[in-house]
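Participant: Take this sequence and fold it.
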Amino acid sequence: MLLPSLPPLSRRERGLLFTFALLLLVAVFGPDLPAADVAIASVFADDRAWHGLPNAMDVLSNLPFVLVGLWGLYRLNRIDRSHQQALSTFPLAPPASDPPDNTLDCAWLFFAGLIAAAAGSAFYHLVPDAPRLAADRAGMAVAFAGLIGVAVCERVSQRAGWPAAWFVLTAGLLSAEVFQETGNVLPWALVQFGGMALVLTLALSTPMRKSVGLKLGWVIFFYVLAKVFELADHQIYEYTQHVVSGHSLKHLTAALAGLPVVLALHKLEMRWQAALRHNPGAAAVAA
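Facilitator: Alright, predicted model coming up:
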């Protein structure tokens, strides 16, 4: 029995494969990059406790990640329920009316990753040290993987999105472990900054047909702004007269990067339901 042959890789898929291969080679064979001593609590500006909760602002400022993550999961659940209802009503509806499964799978991973990132970051900021930093980065890796998967679905191809997400997830978790065991931060830097460079490159390319319309530029904007707040942690803390630190603002701003994904899913649901309502072919089959 002959297995069906897969279509050849497109130019964008070949470019994506080359990018991942290059990043992997640099991570494996590149020089060790020792990290700055970021695991010491004193490097963070705001170390105030609140009702016995140490480093309270840096811990509690992770709550927006949870809120956006739950909002996104709720939106995905609505899309899934609407899809199942439509399939029961129009069992022979054309595939073109279906939502993009791989994009939605990667979105599930992204929003679950936001919640995991909140848990890991809160765990780390309670008592900042090197072992807890690995947990912080592991949660971030899940969110990065989902985001890159969605971006690849939007700008490369649906079939490439899920493998890309799994590649980034595996690389992110391994890089966190490598840092924990050896102190080499190069693999993690490639996951984080190489991943966002990839998202920036994809944002400059045209969306694929049947994309959900995710505005990657807004995701990048919030990410860069969060990095600026992180670098200006102490300056912002002093400028605001110890009201809020740059690191706390970093958490709040980074969580906003999930809102463009939520908005794109909302628009997808509206477009898809409108297409079903005005699908005479599906209605005729159902009748």
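Participant: For the stretch 51-200 of the chain, which segments are assigned as helices?
Facilitator: 56-60, 63-89, 101-126, 130-155, 158-182, 186-189, 195-203 (DSSP state H, counting those that start in this stretch).
Participant: These: which one's closest to residue 211?
Facilitator: helix 130-155 (4.6 Å; CB to CB). No exception for glycine: its C-beta is placed from N, CA and C like everyone else's.
Participant: Low-confidence regions, this structure specifically.
Facilitator: Residue ranges of the chain with pLDDT under 70: 1-5, 36-42, 86-99, 272, 275-287.
Participant: got the helices of the stretch 51-200 of the chain as CSV, with mean neighbour count and distance to residue 15 columns?
Facilitator: Putting those into CSV (neighbours: other CB atoms under 10 Å; distance: least, CB to CB, whole Å) gives the following:
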stretch, mean neighbour count, distance to residue 15
helix 56-60, 21, 39
helix 63-89, 16, 28
helix 101-126, 23, 18
helix 130-155, 24, 11
helix 158-182, 19, 10
helix 186-189, 22, 22
helix 195-203, 18, 9
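Participant: In CSV: those, plus distance to residue 248.
Facilitator: CSV is the format used below for the helices of the stretch 51-200 of the chain (distance: least, CB to CB, whole Å):
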stretch, distance to residue 248
helix 56-60, 4
helix 63-89, 11
helix 101-126, 10
helix 130-155, 15
helix 158-182, 23
helix 186-189, 22
helix 195-203, 21
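Participant: I figured residue 125 was touching residue 53, is that so?
Facilitator: No - using CB atoms under 8 Å, residue 125 is not in contact with residue 53, being 10.0 Å away.
Participant: Quick check: chain neighbours aside, which residue is closest to residue 73?
Facilitator: Spatial nearest neighbour of residue 73, chain neighbours left out: residue 111 (4.9 Å); criterion: CB to CB, 6 or more residues apart in numbering.
Participant: could you measure the nearest residue to residue 54 once chain neighbours are set aside against residue 135, distance?
Facilitator: Leaving aside its sequence neighbours, residue 54 sits nearest to residue 126 (CB to CB, 6+ apart; 5.9 Å). Plainly put, residue 126 is 11 Å away from residue 135 if you go by CB to CB, to the nearest Å.
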